[in-house]
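K.L.:
here is my input, please return the structure:
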Amino acid sequence: MPGRHINDHQMRLYMKHRLTESVAVAAAKAAISVASAYRIEGDRRLPSQKQVPRGRRRPDPLAEVFDAEVVPMLQAAPQIRAVAVFEELRRRHPELAYGVRRTLERRIRAWRAQHGPQREVIFRQVHEPGRMGLSDFTEMGDLGVEVAGSPLDHRLYHFRLACSGFEHAHVILGGESYVALAEGLQNALWALGGAPREHRSDSLSAAFRNLSRDARIDLTARYEALCTHYGMEPTRNNRGEAHENGAIEGPHGHLKNAIADALLLRGTRQFETLGAYRGFIDEIISRKNARNARRIEAERAHLRTLPPARTSDYEDVPVYVTSSGGFTLRRVFYTVPSRLIGHRLRVRLYDDRLDLLIGGTHLLTLQRGRPGPDGKHGHVVDYRHVIHALRKKPMALANLVYREQLFPREAYRRTFHFLLEHHGERLACKTTVELLRLAHERGCEAELAEALSESLDGGDVPDLKALAERFAPDPDRLPEVVVRLAPLSDYEALIEPAQGEAA
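P.N.:
Numbers count the residues shown, from 1 in each chain. Model (predicted):
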């Protein structure tokens, strides 16, 4: 068209039609003039090939320093950042303008492309259906989740099939341990309905930390036995090489982002119970799996059949109940009913709970505790286990090692400290012990806590007598009920008419 330069597309179009058409026809189809067509006949170069490269329009600000100073720095420290090089140049040459930074970064990038060191290459893999499942743990404490008003310091165990992308996540309250891995992995496999031929995990460095050589061997043997139970080949990636677990390391970030977004949409990060939070995570995972439903169903046909039952996902640890009314396990003291003092118990140690057994009989389940962040011993205390003994020695409450953990609710703790401050140690201990006894025997722990909060807000001392009358009656004062049984002969009067009708 007049007034416009011919572009490469028009010239290619002209040359294509020129193979079968005359100069005039080919020029018309390419929307160029016949004169331009004859010029093309004399010079077959494209318009872009005829353009003269644009030269520099201003002096090069790095001409004197790049080869003399920048290149030696890059050769001496190949990993140095471009911004650090720029700051060093500014220190040496204050007259260098700030606007030169982008020019320097482009120049360094180009130099590294030609003369820089060889870089690591990531080799993309073809994932065979049913072949590989991967496990890993990811920190979740930075999300600010709260359960029952307290921050939840936790991790997620994350399982994923490399081929179809099936995912499973399980909330872990402790660290990276065999128990957490075994429980999370088995939950994932039974939710999936099959097992892959190979299971890959990281080096589980946190699980091996501070373990003796024999303990490490035992941990490795248990992990291999777990994989053998499901017919999987256990493999591990090299320590520090996260890209070898790339099929799950990347999805870690996607899962955490999805959870963070869901928490924002939920409007609060507080959950009433741990079960509610776990249900929240399960819902997010189920939505992610629903998007890959077809691929997951296709891969299920290639998975190994699950065994008839799960294998153990706990540690079996023997403990001895001392005269303190409890036992210590993994730097945590647990109270148990005093009738167990002197007995040896078997503890099935899970990630979030302890099952206590004597012989093969299950006794009770305790919530698992954790030692303090400063290394001090933790305490898991149930006041019901010791209240009967504490009534005989109420002053023992004053300096009890686990006194603060003894109070089941904040109202009881506030009451004790209020009485201690205003009425002395003796009254504080006796009154608090009687309040705990009342909560236990009358089954009114929550209601009594509300009554204590009302008294404290009003600045009053709890009235034990009034509280005892307010809640359930004393079991010792329950009325005696006498049941009089009717003589059996009275029932004959009911049987005889029925027999007459049958005759």
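
K.L.:
what ranges does the stretch 401-503 of the chain have for its helices?
P.N.:
Assigned by DSSP state H, counting those that start in this stretch, the helices in the stretch 401-503 of the chain fall at 403-406, 410-423, 425-442, 445-457, 464-470, 492-502.

K.L.:
most tightly surrounded among those?
P.N.:
The highest mean neighbour count among the helices of the stretch 401-503 of the chain, using mean count of other CB atoms under 10 Å, belongs to helix 425-442: a mean of 19. For glycine as for every other residue, the C-beta is placed from the backbone atoms N, C-alpha and C.

K.L.:
between that one and helix 410-423, how many degrees?
P.N.:
Counting by axes from the mean of the first three to the mean of the last three CA atoms, to 10 degrees, helix 425-442 lies at 150 degrees to helix 410-423.

K.L.:
tell me the mean pLDDT for helix 425-442?
P.N.:
Helix 425-442 carries an average pLDDT of 90.

K.L.:
for the nearest residue to A225 once chain neighbours are set aside, what are its contacts?
P.N.:
Residue nearest to A225 in three dimensions, not counting chain neighbours: T311, with 7.5 Å by CB to CB, 6 or more residues apart in numbering. Contacts of T311 were listed using CB atoms under 8 Å, 6 or more residues apart in numbering, and they are 182, 186, 225-226, 229.

K.L.:
just the buried residues from the residues you listed, in PyMOL please.
P.N.:
Here is the PyMOL selection string for the buried members of the contacts of T311, based on 16 or more other CB atoms under 10 Å:
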select buried, resi 182+186+226+229
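
K.L.:
between the contacts of T311, which is closest to K376?
P.N.:
When the contacts of T311 are ranked by distance to K376 (CB to CB), A182 comes first, at 28.4 Å.

K.L.:
with just CA atoms, put the host helix or strand of that closest one into PDB.
P.N.:
With secondary structure defined by DSSP states H and E, A182 is part of helix 178-192. Output of helix 178-192 as PDB, limited to C-alpha atoms (Å, rounded to 0.1, in the frame of the first residue of the first chain):
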ATOM      1  CA  TYR A 178       8.400 -43.200  62.000                       C
ATOM      2  CA  VAL A 179       5.000 -43.200  63.800                       C
ATOM      3  CA  ALA A 180       3.900 -40.100  61.900                       C
ATOM      4  CA  LEU A 181       5.100 -41.600  58.600                       C
ATOM      5  CA  ALA A 182       3.500 -45.000  59.300                       C
ATOM      6  CA  GLU A 183       0.100 -43.500  60.300                       C
ATOM      7  CA  GLY A 184       0.000 -41.000  57.500                       C
ATOM      8  CA  LEU A 185       1.100 -43.400  54.800                       C
ATOM      9  CA  GLN A 186      -1.300 -46.100  55.800                       C
ATOM     10  CA  ASN A 187      -4.200 -43.600  55.900                       C
ATOM     11  CA  ALA A 188      -3.300 -42.500  52.400                       C
ATOM     12  CA  LEU A 189      -3.000 -46.000  51.000                       C
ATOM     13  CA  TRP A 190      -6.400 -47.200  52.500                       C
ATOM     14  CA  ALA A 191      -8.000 -44.000  51.200                       C
ATOM     15  CA  LEU A 192      -6.500 -44.600  47.800                       C
END
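
K.L.:
re earlier: now the contacts of T311 in JSON lines, with distance to P47 and pLDDT?
P.N.:
Output for these, formatted as JSON lines (distance: CB to CB, whole Å; pLDDT from 0 to 100):
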{"residue": "A182", "distance to P47": "69", "pLDDT": "89"}
{"residue": "Q186", "distance to P47": "68", "pLDDT": "93"}
{"residue": "A225", "distance to P47": "73", "pLDDT": "88"}
{"residue": "L226", "distance to P47": "69", "pLDDT": "89"}
{"residue": "H229", "distance to P47": "71", "pLDDT": "92"}
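
K.L.:
could you work out the most separated pair of the contacts of T311?
P.N.:
Farthest pair in the contacts of T311, by CB to CB: Q186 and A225, 12.7 Å.

K.L.:
surely R200 is within a helix?
P.N.:
No - with DSSP: H, G, I helix; E, B strand; the rest coil as the criterion, R200 is located in strand rather than a helix.

K.L.:
can you tell me the closest non-neighbouring residue to I248?
P.N.:
L134 (4.1 Å).

K.L.:
same check, this time on T305
P.N.:
Closest to T305 by CB to CB, 6+ apart is G194, at 6.7 Å.

K.L.:
contacting residues for the one you found?
P.N.:
G194 touches 130, 300, 303-306, counting by CB under 8 Å, 6+ apart.

K.L.:
what's near enough to touch I80?
P.N.:
73-74.

K.L.:
so P318, which state does it fall into?
P.N.:
Applying three-state DSSP: P318 is strand.

K.L.:
I'd say it and H343 touch.
P.N.:
No - counting by CB atoms under 8 Å, P318 stays clear of H343, with 10.9 Å between them.

K.L.:
those two: who's more crowded?
P.N.:
H343 (14 against 10; other CB atoms under 10 Å).

K.L.:
got phi/psi on that one?
P.N.:
Per-residue torsions, H343: phi -90, psi 150 (degrees, to the nearest 10).

K.L.:
for it, give its distance to E315.
P.N.:
20 Å (CB to CB, to the nearest Å).

K.L.:
neighbours of L19, just the number please.
P.N.:
Neighbourhood size, L19 [other CB under 10 Å]: 7.

K.L.:
show the pLDDT at it.
P.N.:
On the pLDDT scale, L19 gets 91.
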